[in-house]
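Colleague: Provided below are the primary sequence and the corresponding predicted coordinates.
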Amino acid sequence: MSHEGIRLVSAEEAQREPAPELPREAVTPAKVRVHQTTGEGLEIDWKDGHQSRWTFAWLRNGCPCATCHEEREAEGREPGVPKAKATSLLPMYQAPARPESASPVGNYAISFKWNDGHTSGIYSWEYLRRHCQCETCRMERSR
């Protein structure tokens, strides 16, 4: 259950070890590029020299808002993994995820207004860095 920024967690989740804090340079963007026109996605060059890229599909499926987080958790999906498609004879067309706009949120995050009308996700720089999609970061997370 959630309500505007409040998320209730299970006892199991509350017992998990918190993730180690990332160095400030690792979660501070030097340059942010939202490739809205081309539909390529989001790129961030971090102050520590690392570069991250996400597709818009990953970002929409990885929305960190409480509602999306709870839905993913209930279905056992990781951030960025799409919902299972209904197995019907005539699946409905769904337009690819694209932001209609992107806005900074203070100095700590970015938010998107998605073409499906969703607007409540705030993607903190830390969240994005922790979910970097480069091969090196994905391999480190799988360990």
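Modeller: Yes, it's here. Numbering: from 1, shown residues only.
Colleague: what about Ser111, how many residues nearby?
Modeller: By the measure other C-beta atoms under 10 Å, the count of residues near Ser111 is 18. For every residue, glycine as well, the C-beta is placed using N, CA and C.
Colleague: now the helices for this protein?
Modeller: 11-15, 56-61, 66-75, 125-130, 135-142 (DSSP state H).
Colleague: quick check: which of those helices is buried the most?
Modeller: Highest mean neighbour count of the helices of the chain: helix 56-61, a mean of 20 (counted as mean count of other C-beta atoms under 10 Å).
Colleague: for the residue positioned nearest the centre of the chain, what are its contacts?
Modeller: Nearest to the geometric centre of the chain sits Gly62, at 3.8 Å (C-alpha atoms, centre = their mean). Contact partners of Gly62, counting by C-beta atoms under 8 Å, 6 or more residues apart in numbering, are 54, 79-80, 131.
Colleague: filter the residues you listed down to the buried ones, ChimeraX style.
Modeller: Selection of buried members from the contacts of Gly62 for ChimeraX, criterion 16 or more other C-beta atoms under 10 Å:
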select :54,79,80,131
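Colleague: just the closest of the contacts of Gly62 to Trp125, please.
Modeller: Nearest to Trp125 out of the contacts of Gly62 is His131 (C-beta to C-beta; 11.1 Å).
Colleague: how close does that closest one sit to Ala95?
Modeller: Distance from His131 to Ala95, counting by C-beta to C-beta, to the nearest Å: 23 Å.
Colleague: next: Arg72.
Modeller: 21 Å.
Colleague: what of Pro64?
Modeller: 22 Å.
Colleague: compare these two and say which is more crowded by neighbours.
Modeller: Taking neighbours as other C-beta under 10 Å, Pro64 and Ala95 compare with Pro64 leading, 19 against 7.
Colleague: contacts only, for that one.
Modeller: So Pro64 contacts 79, 121-124, 127 (C-beta under 8 Å, 6+ apart).
Colleague: ok, those vs Ala102, which is closest?
Modeller: Tyr123 (9.5 Å).
Colleague: quick check: that closest one touching Ile110?
Modeller: Yes - contact criterion C-beta atoms under 8 Å: Tyr123 and Ile110 qualify, at 5.2 Å.
Colleague: how about the strands in this structure?
Modeller: 2-3, 6-7, 29-35, 41-46, 51-54, 99-105, 109-114, 122-124 (DSSP state E).
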